[in-house]
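S.K.: Kindly generate the corresponding structure for this input.
(2 chains)
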Amino acid sequence: MIPELGHFALILALLLALVQSVLPLVGAQRGNRTLMAVARPATQGQFVFVALAFGCLAWSFLANDFSVLNVARNSYSRLPEVYRLTATWGSHEGSLLMWVLILGFWSSAVAIFSRHLPEDMVARVLGIMGLISVGFLAFLLTTSNPFERLVPAAPDGNDLNPLLQDWGMILHPPMLYMGYVGFAVAFAFAIAALLSGKLDAAWARWSRPWTTVAWAFLTLGIVLGSWWAYRELGWGGWWFWDPTENASFMPWIAGTALIHSLAVTEKRGAFKAWTVLLALTAFSLSLLGTFLVRSGVLSSVHAFATDPARGAFILGFLAVVIGGSLVLYAWRAPKMITGGGFSWFSRESLLLANNVILIAALGAVLLGTLYPLFMDAMGLGKISVGPPYFNAVFVPLMAPALFLMGVGPLVRWKEGSLPDAWTRLKWALGVAVVAAVLLPLTLDGFKPWASLGFFLAVWITLAVAVAFRDRLRHGGGSVAHRLGTLPRGFWGMQLAHFGMAVGIAGIAVVANYESERDVRMDVGSYAELAGYTFTFHGASEREGPNYRAARGTLEVTRNGKHVATLHPEKRLYNASGMAMTEAAVHPNLFRDIYVAMGEQLDEQGAWSVRLFHKPFINWLWLGAVFMVVGGFLAASDRRYRIALRRSELPRGLAAQGAGA
Amino acid sequence: MKSRHKKLALIVVVLAGLGIAAALVLNAFQSNLVFFFSPTQVANGEAPIERAFRIGGLVEEGSIQRQSDGLSVHFVVTDTARTIPVIYTGILPDLFKEGKGVVAEGRLGGDGVFTATQVLAKHDENYMPPEAAHAVEQAQKAQQTVVE
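M.R.: This next block holds a predicted model:
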């Protein structure tokens, strides 16, 4: 009964989504206020019904209703309760339902926080988001019904993929989708602006906080995925340039370019057409990412061909969204290219350089990700493009952008002064160069890429410090007071840039100075790595809720002093029969000690064991956290709310309000 | 006039930058493509000797031999028609099993033994790495045409 209720709610949501998109869009075009006013209630209603459907699916999982195919395939009676709940979005169908749920959430948020926007703008934005909902709901209902029944019901489930039974994987998809779908808001704003022909600084100001929040969520989602892969796959890697990772990274690059380009459009009214194009691109890439991961095209182009319904639907949807928005762009955008001029050395020109570099990097990642698929689909042979390509391309491309990141925020809009920037930054440059030479020597020898990383990290950090010093030089009161009066937009940007510096430092160290060993360990034997001694005390049997595990005990010492006792596990899951390596990690700010069990080698209890020393790996996650917090901080800047208060006033009072 | 010159200079600089980036990308792309060969193709001498590539197929039943150091493993990859002996040193993935699909990346030695630097077996009991499935499929097709 409950699953049918969910199915029914989903159908109602689709109908409401149709209402939400068609009526307000028509109303906005004709200037009909009644039709436009439908947008908000329809949006809220659609969200309620999608949430109801999601709740029904979650209930089916929690109640172990194995007569639902999705539950039988992805859950298990002895799966711990929290994983039964999260299995709701562990499958293809469930994760798409979550996609729609999050789209509903964002749409509702726009409906609530848009009282300061012109009515036709709101109608158009919600209408566009409704159209996207229609696409996804139709996809769910026609090809991926999450409530499909299984007759007769299965006695028990197949269990959730053991890899997904982890905190990182519980939080990764919702955060990632918050980012993907958040770009739908920027997309809808861009389309609405193209439709209305009013593409101005006000438009940029409206869409800016939404875009920044989406970007922050996407950053968080990607980092959670990376953190999960690091701990859960047992290979100690944090980024593989795997197509599934690239699928989420490409919208991130486009989104990063977008938030910078929006800054120019808001402050200077320039780059309008370009900013719109980026907004279209960022969301198109989000859709492409969803398509790549969800259609099965990555695991096999042939699987895609044998079950064409899903793939063809998404591909068609993708073609409509990308093609349609580009046609609209080509038709409307040329009329809107205006904006202030700027000199060759100004904040605009530096941000333009940032955008050009990011787009080049995006193109490189896109090529490496799609080319093998293209070759395979055309029957031209099987190839793979691995990390060496991406590293060889991405690092040299990004280095200049990261260097400019130090300069950009210190240069004035419109007309910057190179001598002035030189005066303010020469010490930073000198210190960064010295650090680039000396810091690698404090570690395990000089390595050019590590040196470049240190240079950029120190350079960006000092540039952030210079920016604060410049801001604090003027104005009265104590330093603390003046810090408090700095706008949150400034804090957010500087914190995010500093986070980037921290992350770069982490990557530079861990990529160049990590060490690893695969060793055979007899009971009582020891192995050494990076100054640590690992003593193996054997493995014992352990019974988990839905698995059996061999639990190893390793004692880690340094110079005879106890550091940690680690318990890596090799698990065998009962229902699926899958083996899983559960690594054990001892973290601190400067290194992780990471141990993973290989396999049992003989009857005496010897195991193959993989040992890692990962210096500064946690700086990577820490830097990302700073970036995320920076994003939220910037989006909460007062000026977005001030605009809201003023325009809430009736027209006649607005002038008085501004004067008061 | 002057601003037009400036604009032109800006465009030239941007295009030059993009050109350099494109050259860098394509060059790296060219030298880092990893091609895939099935055991039959390797047996026919189609695979390069000096360059790393990927092979895929099934791990032949009864072919896994652990060496005395405990970490080196010999096994044989088959596409049901031809086979390749493989050496790998290190810890194998959780789902590496006899009779299951596998993909290995490495180089072919003069003695016909493939030295793997990486062994991939994906995380799903019933999942066959696409390359491995492809190799077996091709070999079976070829055999059928011979029989017919």
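
S.K.: May I have the secondary structure class of the residue nearest to residue A:162 when sequence neighbours are not counted?
M.R.: Spatial nearest neighbour of residue A:162, chain neighbours left out: residue A:580 (4.4 Å); criterion: CB to CB, 6 or more residues apart in numbering or on different chains. C-beta: built from backbone N, CA, C; applies to glycine. Under DSSP: H, G, I helix; E, B strand; the rest coil, residue A:580 falls in the strand class.

S.K.: Go ahead and flag the most central residue of chain B.
M.R.: The centroid of chain B falls nearest to residue B:54 when counting by CA atoms, centre = their mean (1.9 Å).

S.K.: host element of that one?
M.R.: Taking DSSP states H and E as the definition, residue B:54 sits inside strand B:53-59.

S.K.: helices or strands next to the next helix or strand after that strand in the packing?
M.R.: On the C-terminal side of strand B:53-59, the closest following helix or strand by DSSP H and E is strand B:65-66. Packing contacts for strand B:65-66, counted by 3 or more CB pairs under 8 Å, 6 or more residues apart in numbering or on different chains; DSSP states H and E, involve strand B:72-78.

S.K.: Now the strand holding residue B:54 - C-alpha only, CSV.
M.R.: C-alpha atoms of strand B:53-59 as CSV (Å, rounded to 0.1, in the frame of the first residue of the first chain):
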residue,chain,number,x,y,z
PHE,B,53,48.8,-1.3,-22.7
ARG,B,54,45.9,-3.1,-21.2
ILE,B,55,44.8,-6.6,-21.5
GLY,B,56,41.5,-8.2,-20.4
GLY,B,57,39.8,-11.5,-20.1
LEU,B,58,39.2,-14.2,-17.6
VAL,B,59,41.7,-15.5,-15.0
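
S.K.: Which residues does that strand contact?
M.R.: Residues external to strand B:53-59 that are found in contact with it (CB atoms under 8 Å, 6 or more residues apart in numbering or on different chains): A:382, A:384, B:34-39, B:42, B:47, B:75-80, B:84, B:86, B:96-108, B:114, B:129, B:131-132, B:134-136.

S.K.: hey, where'd the strands end up in the chain?
M.R.: All of this is about chain A. Assigned strands in chain A, in chain order: A:383-385, A:515-521, A:526-529, A:532-543, A:547-558, A:561-566, A:569-573, A:579-582, A:584-588, A:591-600, A:607-615 (criterion: DSSP state E).

S.K.: wrong one, chain B
M.R.: Under DSSP E, chain B gives strands at B:33-37, B:53-59, B:65-66, B:72-78, B:83-89, B:101-108, B:114-120.

S.K.: and the residue nearest to residue A:162, what does it touch?
M.R.: For residue A:580, the set of contacting residues under the criterion of CB under 8 Å, 6+ apart consists of A:162-163, A:547, A:570-573, B:94.

S.K.: Which among the residues you listed count as buried?
M.R.: Applying 16 or more other CB atoms under 10 Å in any protein chain shown to the contacts of residue A:580, the neighbour count classes A:162-163, A:547, A:570-573, B:94 as buried.

S.K.: In chain B, spot the helix with the most residues.
M.R.: As assigned by DSSP state H, the longest helix anywhere in chain B is helix B:2-32.

S.K.: who does that helix touch, helix- and strand-wise?
M.R.: Where contact means 3+ CB pairs under 8 Å, 6+ apart, helix B:2-32 is packed against helix A:347-377, helix A:387-407.

S.K.: average pLDDT for that helix?
M.R.: Per-residue pLDDT values over helix B:2-32 give a mean of 80.

S.K.: Give me the buried positions along it.
M.R.: Neighbour-count burial for helix B:2-32, counted by 16+ other CB under 10 Å, picks out B:21, B:24-25, B:28-29, B:32.

S.K.: Same list, the helices and strands packed on helix B:2-32, but as a markdown table with mean pLDDT, distance to residue A:267 and mean neighbour count please.
M.R.: Compiled in a markdown table, those are given as follows (pLDDT from 0 to 100; distance: least, CB to CB, whole Å; neighbours: other CB atoms under 10 Å in any protein chain shown):
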| stretch | mean pLDDT | distance to residue A:267 | mean neighbour count |
| --- | --- | --- | --- |
| helix A:347-377 | 90 | 8 | 20 |
| helix A:387-407 | 92 | 17 | 19 |
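
S.K.: Pick out the residue closest to the middle of chain A.
M.R.: For chain A, the residue lying nearest the average C-alpha position, counting by CA atoms, centre = their mean, turns out to be residue A:218 (2.3 Å).

S.K.: Tell me who's in contact with it.
M.R.: If a contact means CB under 8 Å, 6+ apart, then residue A:218 has A:175-176, A:178-180, A:182-183, A:248, A:251-252, A:255 as its contacts.

S.K.: Show the contacting residues for the residue nearest to residue A:544 when sequence neighbours are not counted.
M.R.: Counting by CB to CB, 6+ apart, residue A:544 lies nearest to residue A:571, which is 6.7 Å off, once chain neighbours are set aside. Listed by CB under 8 Å, 6+ apart, the contact set of residue A:571 reads A:162, A:544, A:547-549, A:579-582.

S.K.: Let me see the contact set for residue 9.
M.R.: In the absence of a named chain, chain A is used. Residue A:9 makes contacts with A:49-50, A:52-53, A:56, as judged by CB under 8 Å, 6+ apart.

S.K.: Can you look at chain B instead?
M.R.: Contacts for residue B:9 (CB under 8 Å, 6+ apart) come out as residue A:344.

S.K.: Give the closest residue to residue A:391 in space, chain neighbours not counted.
M.R.: Closest residue to residue A:391 apart from its sequence neighbours, by CB to CB, 6+ apart: residue A:241 at 7.7 Å.

S.K.: for residue A:583, that is, sorry about that
M.R.: Going by CB to CB, 6+ apart, residue A:583 has residue A:596 as its nearest residue, at 4.2 Å.

S.K.: so that neighbour touches residue A:569, yeah?
M.R.: No: the criterion here is CB atoms under 8 Å, and residue A:596 misses it with residue A:569 at 9.3 Å.

S.K.: So which helix or strand of chain B has the lowest pLDDT on average?
M.R.: helix B:130-147 (a mean of 69; mean pLDDT, DSSP states H and E).

S.K.: Please tell me how far residue B:16 sits from residue A:350.
M.R.: Using CB to CB, to the nearest Å, one gets 17 Å for the distance from residue B:16 to residue A:350.

S.K.: just residue A:27 next, same as before
M.R.: Applying CB to CB, one obtains 42 Å for the distance of residue A:27 from residue A:350.
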